[in-house]
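A.B. asks: this one's sequence-less:
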Ligand SMILES: Cc1ncc(COP(=O)(O)O)c(C=O)c1O
């Protein structure tokens, strides 16, 4: 079975060389735009490509505003600050995620609360969140959700759309509004993914994207905050050192961040976003082929949740057991085809071991079994 899978993957990419998990491709106007940025001398934190990239992403996602940042982690940190997360607050998130999700919570000197994921979506389970809240939280007379134990505020909920598969946003929006908790979506992996026809990252008060080199489209390094107009103005200010606008004076009216995306990187992004629909179509074709190839193989291919369109950023399979997972990882990596296990649970990392958690049965079960398969855009996809 492993040999057949390796052969199948090699045939998709038409190579006997090493196959990475996700490599960027630049078949469009990338060189042209980057050269334009260089020729303009605007290579740093302001420039026409930054404005254009923000407008392009806002238009693509349907977000009223999009504010570019230097990476997805910075976007997450700023989004949580804008959501009103302050030191000592609690933020509900999933234990099965990339570490940046909960690092951003820690940067706010807030504390993550880890709840379980759903097997169906691999993302935060609204039912698990609600049962944790029922057991541990109450709404105070001012409508603030607080821990029963010591009155600390449960300020935000930060779900993540794992491998591009949308979480159950309908149910999550309901739980958050019942408990007056601000929803912020970590949509780093889900550019191009829709929940009931609407783009992920636009359901919460804020959403964030990443344009790291391994994402669906890349700016080298980069991120984006999605939000409404008013928050967008605040986001721009906060990520631009909180500098009051003035032709030559320097006045900063709060502690701000230098989180801006350089124009040089935005130029790459403008070219890549022109290709996004073709990239997503190619990734969905590959996912369909994986699903067909793996049918009856004993490996369960992870499909998009019902009612969603996933970008299939990283294709994933669920193995029967940890032993089977290890065998798959070994066989493929030894043959020059990169595969990798899903992340270790955040509750196993030294920085987050002590944090509050609900039952994590599904997260633990998936942690032992999920493997990502090569998922780069197929050759010739943009021809
Ligand atoms: C779920 C998730 N959140 C946040 C990030 C952080 O993005 P960046 O690497 O651009 O800082 C990433 C990816 O890198 C991610 O996969």
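C.D. replies: Now that the structure is in, tell me what you want to look at. The model shown is predicted, which means the values in this text are computed figures rather than measured ones.
A.B. asks: which residues pair with the one residue in the stretch 201-350 of the chain that gets nearest to the ligand across the strands?
C.D. replies: Taking C-beta to the nearest ligand atom as the measure, the stretch 201-350 of the chain has residue 210 as its residue closest to the ligand, at 3.4 Å. For every residue, glycine as well, the C-beta is placed using N, CA and C. Beta-bridge pairing of residue 210, defined through DSSP bridges, involves residue 223.
A.B. asks: quick one: pLDDT of it?
C.D. replies: Looking at residue 210, its pLDDT is 98.
A.B. asks: How many neighbouring residues does it have?
C.D. replies: For residue 210, the count of nearby residues is 29 (other C-beta atoms under 10 Å).
A.B. asks: Residue 298 too?
C.D. replies: Other residues within reach of residue 298 by the criterion other C-beta under 10 Å amount to 10.
A.B. asks: ditto for the one 5 residues further on
C.D. replies: When neighbours are defined as other C-beta under 10 Å, residue 303 has 16 of them.
A.B. asks: What of residue 193?
C.D. replies: Summarising burial for residue 193: neighbours were counted as other C-beta under 10 Å, giving 24.
A.B. asks: Three-state assignment for the residue lying closest to residue 376 once chain neighbours are set aside, please.
C.D. replies: Excluding the flanking residues, the one nearest residue 376 by C-beta to C-beta, 6 or more residues apart in numbering is residue 23, at 4.7 Å. Three-state assignment for residue 23 (DSSP: H, G, I helix; E, B strand; the rest coil): coil.
A.B. asks: Can you give me the neighbour number for residue 23?
C.D. replies: Using other C-beta under 10 Å, residue 23 is surrounded by 15 other residues.
A.B. asks: if I look at it, how far off is the ligand?
C.D. replies: Residue 23 sits 15 Å away from the ligand, taking C-beta to the nearest ligand atom, to the nearest Å as the criterion.
A.B. asks: Look up phi and psi at that residue.
C.D. replies: Dihedral pair for residue 23: phi -110, psi 140, per degrees, to the nearest 10.
A.B. asks: now do the one 3 residues further on
C.D. replies: In terms of degrees, to the nearest 10, the main-chain angles of residue 26 are phi -130, psi 60.
A.B. asks: Quick check: it touching residue 271?
C.D. replies: Yes - using C-beta atoms under 8 Å, residue 26 is in contact with residue 271, at 7.5 Å.
A.B. asks: Settle it for me: which of those two has more neighbours?
C.D. replies: A direct count of neighbours by other C-beta under 10 Å for residue 26 and residue 271 places residue 271 higher, at 21 against 14.
A.B. asks: residues in contact with that one?
C.D. replies: 26, 28, 29, 30, 32, 33, 34 (C-beta atoms under 8 Å, 6 or more residues apart in numbering).
A.B. asks: mind redoing it with 7 Å?
C.D. replies: Taking C-beta atoms under 7 Å, 6 or more residues apart in numbering as the criterion, residue 271 is in contact with 28, 29, 30, 33.
A.B. asks: which element is it on?
C.D. replies: Assessed by DSSP states H and E, residue 271 sits inside helix 263-273.
A.B. asks: roughly how far is that helix from the heart of the chain?
C.D. replies: Shown here is helix 263-273, whose average C-alpha point lies 19 Å from the average C-alpha point of the whole chain (C-alpha atoms, centre = their mean, to the nearest Å).
A.B. asks: Ok, stretch 340-359 next?
C.D. replies: Between the centre of stretch 340-359 and the centre of its chain there are 17 Å (C-alpha atoms, centre = their mean).
A.B. asks: Likewise for stretch 152-169?
C.D. replies: Distance of stretch 152-169 from the chain centroid (C-alpha atoms, centre = their mean) equals 10 Å.
A.B. asks: How confident was the prediction at residue 313?
C.D. replies: For residue 313, the pLDDT comes out at 98.
A.B. asks: nope, residue 50 is what I meant
C.D. replies: Residue 50 carries a pLDDT score of 98 in this model.
A.B. asks: The closest residue to it other than its chain neighbours: neighbouring residues, count only.
C.D. replies: Ranked by C-beta to C-beta, 6+ apart and with sequence neighbours excluded, the top spatial neighbour of residue 50 is residue 266, at 4.4 Å. A count of neighbours around residue 266, defined by other C-beta under 10 Å, yields 29.
A.B. asks: Grab the most central residue of this protein for me.
C.D. replies: Taking C-alpha atoms, centre = their mean as the criterion, residue 188 is the residue nearest the geometric centre of the chain, at 2.1 Å.
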